[in-house]
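>>> Provided below are the primary sequence and the corresponding predicted coordinates.
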Amino acid sequence: MKWILALVAACALVAGLTLSLVPVAPDSEAGAASSPAATRTRTATRTPTPTRTRTPTRTPIGGVPTATPTPLAPSAPAIGPGLMVAECAGTTANSARAIFLWTPSGAGPQWLDLSIFDNGFAPATFVGLGGYAPDRWGLVWDGLRQGTTHYARINTLTRDGWMSSGTLAFYTPVCDGSAHEPAPAADMLRLRDSLDAAVASSGINTAIAITDLRTGETVDVNGYDVRLPGCTINLFALMRVTVDLQHGRYPEAQPGDLIGQTINRSDPVTARTLMKYWIGDGDLGAGMNRVNDFVHSLGMNDTLLDHPPAYPQESMYGGIDNRITARDANRGLRALWDGRVLEPGWRDYFLQKMTLVKPGLNYLIPAGVGSGATVSHKNGFLYSEGWADNDIGIVWFQRGDERYGYAISFFTQFVPTKYGDIALGQRVSSLAWQWLVSRYGYP
């Protein structure tokens, strides 16, 4: 209920702040045909009473035409919507603007629905503006929440009932950084200094980000540096599959099992199978494009999936590396935690799947966490001019009705010896755990 009230409060700020891109086209007017005027004729001889004759009427060849009624447009949904631009119209937390374009079906009045939850537009979780004329094809929406994933659709009221377009997911820009992400408090700044010192003393090329999932405060070391993600990027493909499960696109049993296998042994084969046959409907390129669209809709704009991990020969962009940043990874993990990607039941389903890592791969984040916490995480390991050993996830616990946790992303690369970063990874994880319990107490 809290998140529903939060949505209603947020959306109240945008209600009524719309501007049409185009006016409604006026109806055409048919010109009225006039019949020939009556004429008088006189006879050659004078008569007391002249006679009248009627001018003959003209009958078109084929008979008198009859009006043909305009056929009704067939019942069909609109195509789209697409996003022309998402931009900042000011510097406040609710000053993002989006310009939407779509192809109307002409089948009836239209509404543009908008939500910050990917839950199929469940009642009381979205706002709708309309009903617009059947030929309306664009809209400007001001006052949107900055730095947030939004979901939009066009809903058309046809003679056969409501028909909805596909759903567009997009991320609004950050217009005011201080409102979007609060400045770290003193205890988080001390955590950042400790992380920085640990990385410096190790001499290992490292990027780290830690985010308090209750407050949104984030600290990092090299958090904006582009990294080689390895199989950590598969986590977001698995998340995309779970979104499809939430919407009932296919039965859970087989893809759910493949999600578990991918997490358990960090298996690139099962991840590729999910991208091709579930996300991509048999087309690997389409699957990878949908994963990229998904991560970008979460605000992960520095992340790119060029090829399935372990399959560089299947590159979409000519053999470039996959890429990610620690900040991007935490942004995606936070969207998961906040329930914006998956509703609470499916979110917990996915967090549980992320705990299925086999013991031999629990040597980084889990090794630094104390008892009583749940570690939901995903490994990524590869060799490219040195070893890259990565781990991203959420460390959390529940006390009563409240949950406490943090997102953590740990990336290394160019490590000269295999597993040479284990001690650093465990030290980083321990520092983050000690910070959490010092702030919120033990589980």
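Great, that's in hand. Given the structure is predicted, the values throughout are model-derived calculations rather than measurements. Numbers count the residues shown, from 1 in each chain.

>>> quick one: low-confidence parts of the protein?
Of all residues in the chain, those with pLDDT under 70 make up the ranges 1-72.

>>> and R323, how far from A169?
For R323, the distance to A169 (Cβ to Cβ, to the nearest Å) stands at 21 Å. Where C-beta positions appear, they are placed from N, C-alpha and C, glycine not excepted.

>>> again, but for L364
31 Å.

>>> higher neighbour count, those two?
L364 (27 against 17; other Cβ atoms under 10 Å).

>>> how far away is the more buried one from M163?
For L364, the distance to M163 - Cβ to Cβ - is 49 Å.

>>> what's the answer for F411, then?
Distance from F411 to M163, by Cβ to Cβ: 45 Å.

>>> and these two? Which one has more around it.
Neighbours per residue, other Cβ under 10 Å: of F411 and M163, the larger number sits with F411, 30 against 17.

>>> SS state for that one?
Under DSSP: H, G, I helix; E, B strand; the rest coil, the three-state class of F411 is strand.

>>> which stretches in the stretch 151-300 of the chain count as helices?
177-180, 186-202, 234-246, 253-265, 268-273, 284-297 (DSSP state H, counting those that start in this stretch).

>>> wait, which of the ones you listed is closest to L139?
Among these, the nearest to L139 by Cβ to Cβ is helix 284-297 (19.3 Å).

>>> helices and strands around the closest one, which ones?
strand 168-171, helix 234-246 (3 or more Cβ pairs under 8 Å, 6 or more residues apart in numbering; DSSP states H and E).

>>> helix 284-297 and the longest one, what's the angle between them?
Right, helix 234-246. Angle of helix 234-246 versus helix 284-297, following axes from the mean of the first three to the mean of the last three Cα atoms, to 10 degrees, is 90 degrees.

>>> quick one: contacts of helix 234-246?
Residues outside helix 234-246 that contact it (Cβ atoms under 8 Å, 6 or more residues apart in numbering): 118-120, 250, 252, 255-256, 259, 262-263, 266, 268, 271, 274-275, 278-279, 287, 290-291, 294-295, 298, 300, 303, 305, 309, 332, 336, 341-343, 346, 349-350, 353-354, 378, 380, 392.

>>> pick the most buried one from the helices and strands packed on helix 284-297.
helix 234-246 (a mean of 23; mean count of other Cβ atoms under 10 Å).

>>> and that one, how far out from the chain's middle?
12 Å (Cα atoms, centre = their mean, to the nearest Å).

>>> number of residues surrounding S105?
21.

>>> give the contact list for the closest residue in space to it that isn't next to it in sequence.
Nearest residue to S105 in three dimensions, chain neighbours excluded: A76, at 4.1 Å (Cβ to Cβ, 6 or more residues apart in numbering). Contact partners of A76, counting by Cβ under 8 Å, 6+ apart, are 105, 107, 156, 158, 163.

>>> can you do 10 Å?
When contacts are counted by Cβ atoms under 10 Å, 6 or more residues apart in numbering, A76 touches 104-108, 156, 158, 160, 163, 165.

>>> do I have it right that A89 meets D176?
No: judged on Cβ atoms under 10 Å, A89 makes no contact with D176 at a distance of 11.9 Å.

>>> shared neighbours of these two, anything?
Common neighbours of A89 and D176, using Cβ under 10 Å, 6+ apart, are S95.

>>> what's the distance between the nearest residue in space to E314 that is not next to it in sequence and A186?
For E314, ignoring the flanking residues on the chain, the nearest one in space by Cβ to Cβ, 6+ apart is H307 at 4.8 Å. From H307 over to A186 the distance is 43 Å, taken as Cβ to Cβ.
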